[in-house]
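# Predicted model follows, preceded by the sequence.
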Amino acid sequence: MLSQPRLDEIMKLLRLDRRVSVSDLVEKLQVSDETIRRDLKHLEEQGDLRRVHGGAILPKLTEEQPIDVRGRIKQREKSKLSQYAAGCVHEGMSVFLDTGTTTLALSHRLIQYNNLTVVTNSLDIAHELVSKSENKVTILPGDIRRNDNAVVGYSAVKAASWRFYDVAFMGIAAIDPILGFMDYEEDEAEIRRAVIAQSGKSIILADDSKFGRKTHIRTCSISDVDRVITNKKPKEEYLKCFSDAGVEIVYE
């Protein structure tokens, strides 16, 4: 059974050293190897750490976790977000989906449509929609980033800015009530800025782990987007900043 005090102690030790080993945690917390591994798996699924061989590390503010790791984080929450997001889509729409695990979850739901025009910078999303639906799919040109199959770079940004989107769905790395929406890499931030400027409605899909984080790249202000879809009610400071900015917040 998971113990919150034990989970808190693991995170305390991790913040001190930025790395913990299973063997050390077993000794310090006096529990079994299986218990520690289950704890680390749970904390990774919450987005608090990244499991590595023999233990876990604390993710860096300047480094996004690999997409296979991100895909294991908050899977049920991302599925719920994608369900809400799919309700914003209607046949005949022009839709933009950027790269990410939450937007990939949304693409699984869009295969039920047959008359969408979907533009994306994700090879994985493009393959999902082309292979399983009749929707028209366009992938942005540019450089392929190997760690997540995203298309980025100058050509991608320019191509994104040549189109109009009825609705654009984007992930984000972090949300700060003062700094706004933030990313790990300028490539992603530039594409998102270009798409927001060309969208009838821009929607950020963000599970609750993204609130309160900070990275080193400021993508845009809170007021630059139209809606945020998340899986649980944010803290009052976020509700206030969304309200002041005229941004709709949707949560379960």
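Thanks, I have the structure now.

# and the nearest residue to N149 once chain neighbours are set aside, what does it touch?
Nearest non-adjacent residue to N149, counting by CB to CB, 6 or more residues apart in numbering: L123, 4.0 Å away. For every residue, glycine as well, the C-beta is placed using N, CA and C. Residues near L123 by CB atoms under 8 Å, 6 or more residues apart in numbering: 139, 144, 149-151.

# Next one: L123 from R6, what distance?
From L123 across to R6, the span is 40 Å (CB to CB, to the nearest Å).

# can you check S107 too?
From S107 to R6 the distance is 37 Å (CB to CB).

# Which one's more surrounded, the two?
Using other CB atoms under 10 Å, the more surrounded residue of S107 and R6 is S107, with 26 against 17.

# Surely that one touches S131?
No: S107 is beyond contact range of S131, at 10.8 Å (criterion: CB atoms under 8 Å).

# What is the three-state secondary structure of V89?
V89 falls in the coil class when you classify it by DSSP: H, G, I helix; E, B strand; the rest coil.

# Does it touch L110 like I think?
Yes: V89 is within contact range of L110, at 6.6 Å (criterion: CB under 8 Å).

# Show me where this protein dips below the pLDDT cut-off.
The chain contains residues with pLDDT under 70 at 1, 60-75.

# In space, not sequence, find me the middle residue of it.
Nearest residue to the geometric centre of the chain (CA atoms, centre = their mean): G171, 4.3 Å.

# Enumerate every residue touching that one.
98-103, 204-206.

# Mind checking which of those are in strands?
Using DSSP state E, 204-205 are the members of the contacts of G171 that sit in strands.

# The contacts of G171 into CSV, with extra columns for distance to R51 and neighbour count?
Formatted as CSV, the contacts of G171 follow (distance: CB to CB, whole Å; neighbours: other CB atoms under 10 Å):
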residue, distance to R51, neighbour count
D98, 26, 24
T99, 23, 23
G100, 20, 27
T101, 16, 23
T102, 21, 28
T103, 24, 25
I204, 27, 27
L205, 24, 28
A206, 23, 26
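
# Closest one of the contacts of G171 to A85?
The shortest approach to A85 among those belongs to L205, at 5.9 Å (CB to CB).

# beta partners of the closest one?
For L205, the beta-bridge partners are I229 (DSSP bridges).

# Touching, it and L104? I think so.
No: when contacts are counted by CB under 8 Å, L205 is not listed as touching L104 (10.6 Å).

# May I see the buried residues of stretch 15-35?
Residues 20, 22, 25-26, 29, 35 are the ones in stretch 15-35 that count as buried (16 or more other CB atoms under 10 Å).
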